[in-house]
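Peer 1: this one's structure only:
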């Protein structure tokens, strides 16, 4: 059974390999520092204390004028920076890829983000896919490409509706 929990020193990071070196190195060398510095929260999907996947969350903002017009109309232009939650990284160990764990991690991240948005202002979850394959993954779950950017977003209202129907 898989559990999602905050990364700690109890987790074995050295064996994690998602096939993308920058994501491997982040987990092994940087994630702990980011947690201590309060720059990001790192959640790991574990089975028998082995990390099978992870994702990071942090606060961020996007410029109001970068949103598609349909979304800008719904937000006051006085807000030049729209508060969002950044899903900065999401990776699954290559030994368990194609088993739905990426989806499991994404749903967990969206749920945590939605719950957080009820305590602090956060209009959407934003991602910046590392590859075309990652972009297709997020599009499958309704993320919308920001014009003239590699970033994608999913409004909290959409996330709220998702969890109301689960």
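Peer 2: Arrived safely. Bear in mind that the values here come from a model prediction, so they are computed numbers and not experimental data.
Peer 1: Just give me the neighbour total for residue 108.
Peer 2: 17 (other CB atoms under 10 Å). The C-beta positions use only the backbone N, C-alpha and C, and glycine is treated the same way.
Peer 1: One more: residue 58?
Peer 2: By other CB under 10 Å, neighbour count at residue 58 equals 15.
Peer 1: Tell me how far the closest residue to residue 77 other than its chain neighbours lies from residue 124.
Peer 2: Sequence neighbours aside, residue 64 is the residue nearest to residue 77 in space, at 6.2 Å (criterion: CB to CB, 6 or more residues apart in numbering). Distance, residue 64 to residue 124, using CB to CB, to the nearest Å: 12 Å.
Peer 1: of those two, who's got more company?
Peer 2: Using other CB under 10 Å, the more surrounded residue of residue 64 and residue 124 is residue 124, with 25 against 17.
Peer 1: Can you give me the pLDDT of the more buried one?
Peer 2: pLDDT recorded at residue 124 is 98.
Peer 1: Spatially nearest residue to it (excluding sequence neighbours)?
Peer 2: residue 153 is the one closest to residue 124 (CB to CB, 6+ apart), at 4.4 Å.
Peer 1: can you check residue 141 too?
Peer 2: Using CB to CB, 6+ apart, the closest residue to residue 141 is residue 106 (6.3 Å).
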